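Asks: Sequence and predicted structure, then a few things I'm wondering about:
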Amino acid sequence: MNSTSISAAVTPQPLFITPAEVCSEFSYHHPSVARINNGGFGCCPSSLISYQRQIQMQWLRQPDEFFFNQLQPGMLRSRNVIKDLINADHVDEVSIVDNVSTAISIVLQHMAWGFAEGKFHSGDATVMFHCAYGAVKKSVEAYFVRAGGYVIEVPLPFPVNSDDEILQEFRQALDKSKQNGRRVRLAIIDHVTFMPTVVMPVKQLVSICREAGIDHVFIDAAHGIGCVDVDMKQIGADFYTSNLHKWLFCPPSAAFLYCRKSNQSSALHHPVVTHQYGNGLATESSWIGTRDYSAQLVVPKVLEFVNRFEGGIDGIKRRNHDAVVDMGEMLAKAWGTQLGCPPHMCSSMVMVGLPACLHVSSDQDSWKLRTYLRDKFGVEVSIYYRPPKDGEVGPLTGYARISYQVYNKVDDYYKFRDAINQLVHDAFTCASLPDSYIRLV
Ligand SMILES: Cc1ncc(COP(=O)(O)O)c(C=O)c1O
C-alpha cells in the first residue's frame, strides 16, 4: 500500500447532513405551500423542536430543581455560545431576550431615562432610516419622543446600486442636523433592512456616527445572525440585537442584545422588573418571572445543528445568499424586471421587481396581493409598494421580497413565478381585487 492510499484510508470524511435529512427536519411544514418568506418568522427543524420539548418536560417534571440547578447555568451556556459567535469581549455583554422588539424597548427606555435624568435635553434627536421597522418607530415614539426627543428620518435610496448612495444620504442628514444646531444622541441602523430589504454598510455608518459625535449607536439586526456576518469588534456599535429564531433555527422566540461594556451599560434595565433588578442586564434578562425559557436554552443545540452543514453557519449563509440571488434573477428575467439592489447588497433575501401591469399602487395593494397569493396560490411572500418619486417616469412600484433558507426548493420559486404569470395573463390588477383581500398579518 503506498502513502496516498494509507492517508485516503484513514482520513475520516465529515458526515454532513444529507438533503433527505434536511427534508425530514422540515417535513412538518405545510406541504402545499411555497414558503419563500423565511425573513418573516424564521423556521425551526424538528430535531430542535423535540429537544425544546425535552427541556419543557424537565421543567414540568420538577420545576424547583430545574429553577435552582439548571436554568441559570443553561442560560449562561447559551450566552457563551452567542458571545463566541458574535466575537464579543465578555459574556456579560450578551443578554438573551424574547425578541428584537424587547431589545429595542430596553435601549429606548434607557434613552428616555437620559432625558428624565437631565443628560439629554428637549429637542435632542435620534436618527434612523425611514424604512426602520414599524415596531422600532413606535418604540421611538413611546419612549424617546414622549421624553422630549426629536426624530430625524433619512430616506433609503431604493432601488439602490451602491453602499455610497446610502452613506451619502446619511452624511447629508447629519450635516443638516448639525447646521440646525441639533444634538443627535442616538442612531438606530438596520443591519439588514426589513422592507425593502438591503444589507446596510453598518461598519461605515457606525464610523460616520462616531465622527459626528453620536455616542449611542444601536444596530437593529433582526435578520442578522445566520444571514450576514456579525462581528461586534468589527462593527463597533454600542448596542446590537439579533433574533435567533429568524435565521439561526432557534424555536420562537429568542434573541440577543449585545451592549458594549462601558460605564453606562450598568444603567440598562429589562422593562420587566423582578428580584434580579440591579444585577446587570444579562442577569435581569435571564429571569423575568415564571415563564417558558426553553427556546433560549436550546441555543447550544442549535450550534450542533448548523455544524452538520458544510461550513457551518457561514456555509449556510453563503449558499442561501447565492441561491436567493439566482432565484431573484430567474424571476426578474421571467417578468422582464430587475432586482432592487446588486447581489453584494443582498443577504438571504432579495427584492425582485413585479410586472408593472399588476399596478401595485399603494400599501393596500401590496397587502391584497400578498393575501391573494397565499389564499389562491399557496405562496407565502412579502410584497412591497415603492411610491414613485416626483417626476419619475415609469418606475417599478411593486416588488416581492423573496427569502432562501435550507428547506427551500427551486419549485417554490417556480410556483411563485407561475402564479404571477397567471395573474398577468388574466390581466389582473391589484385594484381589481376585492378589499376582503386586505389582511394585516
Ligand atoms: C428590521 C426588524 N426589526 C425588528 C423586528 C421585530 O422582530 P421581532 O418580531 O422578532 O421582535 C423585525 C421583524 O421582522 C424586523 O424585520
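Replies: Sure, I can see it.

Asks: in stretch 334-349, what counts as buried?
Replies: Using 16 or more other C-beta atoms under 10 Å as the test for burial, stretch 334-349 gives 334-335, 337-341, 345-349. Quick note: C-beta positions are derived from backbone N, CA and C, even for glycine.

Asks: Return the residues of the stretch 51-200 of the chain in contact with the ligand.
Replies: Proximity of the stretch 51-200 of the chain to the ligand is confined to 99-101, 133, 135-136, 190, 194 under the rule C-beta under 6 Å from any ligand atom.

Asks: let's see it at 8 Å
Replies: 98-104, 132-133, 135-136, 190, 192-195 (C-beta under 8 Å from any ligand atom).

Asks: leaving aside the residues next to it on the chain, what's closest to whatever residue of the stretch 201-350 of the chain ends up closest to the ligand?
Replies: The nearest approach of the stretch 201-350 of the chain to the ligand comes at residue 222, 3.3 Å away (C-beta to the nearest ligand atom). Spatial nearest neighbour of residue 222, excluding adjacent residues (C-beta to C-beta, 6 or more residues apart in numbering): residue 100 at 4.3 Å.

Asks: For that neighbour, give me its contacts.
Replies: Applying C-beta atoms under 8 Å, 6 or more residues apart in numbering to residue 100 gives the contacts 133, 220-222, 241-243, 255.

Asks: Repeat that for residue 192.
Replies: Contacts of residue 192 (C-beta under 8 Å, 6+ apart): 198-200, 221-224, 227-228, 347, 349.

Asks: which residues in the stretch 151-300 of the chain form strands?
Replies: In the stretch 151-300 of the chain, the strands defined using DSSP state E, counting those that start in this stretch lie at 184-190, 216-220, 239-243, 255-259.

Asks: between those, which gets nearest to residue 112?
Replies: Judged by C-beta to C-beta, the one of the strands of the stretch 151-300 of the chain that comes nearest to residue 112 is strand 184-190, at 10.7 Å.

Asks: Can you give the strand pairings for that closest one, parallel or anti for each?
Replies: strand 125-129 (parallel), strand 216-220 (parallel) (DSSP bridges).

Asks: Could you look over those and pick the most buried one?
Replies: Of all these, strand 216-220 has the most neighbours on average by mean count of other C-beta atoms under 10 Å, namely a mean of 24.

Asks: which residues sit in contact with the residue lying closest to residue 188 once chain neighbours are set aside?
Replies: Take residue 188 and drop its neighbours on the chain: the residue closest to it by C-beta to C-beta, 6+ apart is residue 128, 4.1 Å away. Applying C-beta under 8 Å, 6+ apart, we find residue 128 in contact with 136-137, 140, 151-154, 187-189.

Asks: tell me which of these is nearest to residue 315?
Replies: For these, the residue nearest residue 315 by C-beta to C-beta is residue 189; the value is 27.1 Å.

Asks: surely residue 411 meets residue 32?
Replies: No. Counting by C-beta atoms under 8 Å, residue 411 does not reach residue 32; the two are 11.3 Å apart.

Asks: which helices and strands sit right next to the helix or strand in which residue 419 is found?
Replies: Residue 419 belongs to helix 410-425 when assigned by DSSP states H and E. Applying 3 or more C-beta pairs under 8 Å, 6 or more residues apart in numbering; DSSP states H and E, one finds that helix 410-425 contacts strand 34-35, helix 312-335, helix 363-377, strand 379-380, strand 398-403.

Asks: One more pass at 6 Å, please.
Replies: strand 34-35, helix 312-335, strand 379-380 (3 or more C-beta pairs under 6 Å, 6 or more residues apart in numbering; DSSP states H and E).

Asks: which of these is buried the deepest?
Replies: strand 379-380 (a mean of 23).

Asks: Give the pairing partners of that one; include direction for each.
Replies: strand 34-35 (parallel).

Asks: where do the helices sit along the stretch 51-200 of the chain?
Replies: Assigned by DSSP state H, counting those that start in this stretch, the helices in the stretch 51-200 of the chain fall at 63-65, 72-86, 100-116, 134-139, 163-179.

Asks: Save the ones you listed as a markdown table, and put in distance to residue 259 and mean pLDDT too.
Replies: As requested, those are arranged in a markdown table below (distance: least, C-beta to C-beta, whole Å; pLDDT from 0 to 100):
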| stretch | distance to residue 259 | mean pLDDT |
| --- | --- | --- |
| helix 63-65 | 30 | 98 |
| helix 72-86 | 12 | 98 |
| helix 100-116 | 8 | 97 |
| helix 134-139 | 16 | 97 |
| helix 163-179 | 23 | 96 |
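
Asks: Pick the most deeply packed of the ones you listed.
Replies: helix 100-116 (a mean of 21).

Asks: ok, residue 436 to the ligand distance?
Replies: Distance, residue 436 to the ligand, by C-beta to the nearest ligand atom, to the nearest Å: 25 Å.

Asks: which SS state does that residue fall under?
Replies: With DSSP: H, G, I helix; E, B strand; the rest coil as the basis, residue 436 sits in helix.

Asks: Please, which helix or strand holds residue 47?
Replies: Using DSSP H and E, the element containing residue 47 is helix 46-61.

Asks: buried sites along that helix?
Replies: With burial defined by 16+ other C-beta under 10 Å, the residues of helix 46-61 counted as buried are 47-48, 51-52, 55, 58-59.

Asks: again with stretch 289-308
Replies: Buried residues in stretch 289-308, defined by neighbour count with 16+ other C-beta under 10 Å: 293-299, 301-303, 305-306, 308.

Asks: Export those residues to JSON lines and append columns for distance to the ligand and pLDDT.
Replies: As requested, the buried residues of stretch 289-308 are exported to JSON lines (distance: C-beta to the nearest ligand atom, whole Å; pLDDT from 0 to 100):
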{"residue": "293", "distance to the ligand": "17", "pLDDT": "98"}
{"residue": "294", "distance to the ligand": "17", "pLDDT": "98"}
{"residue": "295", "distance to the ligand": "12", "pLDDT": "98"}
{"residue": "296", "distance to the ligand": "13", "pLDDT": "98"}
{"residue": "297", "distance to the ligand": "18", "pLDDT": "98"}
{"residue": "298", "distance to the ligand": "16", "pLDDT": "98"}
{"residue": "299", "distance to the ligand": "16", "pLDDT": "98"}
{"residue": "301", "distance to the ligand": "20", "pLDDT": "98"}
{"residue": "302", "distance to the ligand": "16", "pLDDT": "98"}
{"residue": "303", "distance to the ligand": "20", "pLDDT": "96"}
{"residue": "305", "distance to the ligand": "20", "pLDDT": "97"}
{"residue": "306", "distance to the ligand": "19", "pLDDT": "98"}
{"residue": "308", "distance to the ligand": "25", "pLDDT": "97"}
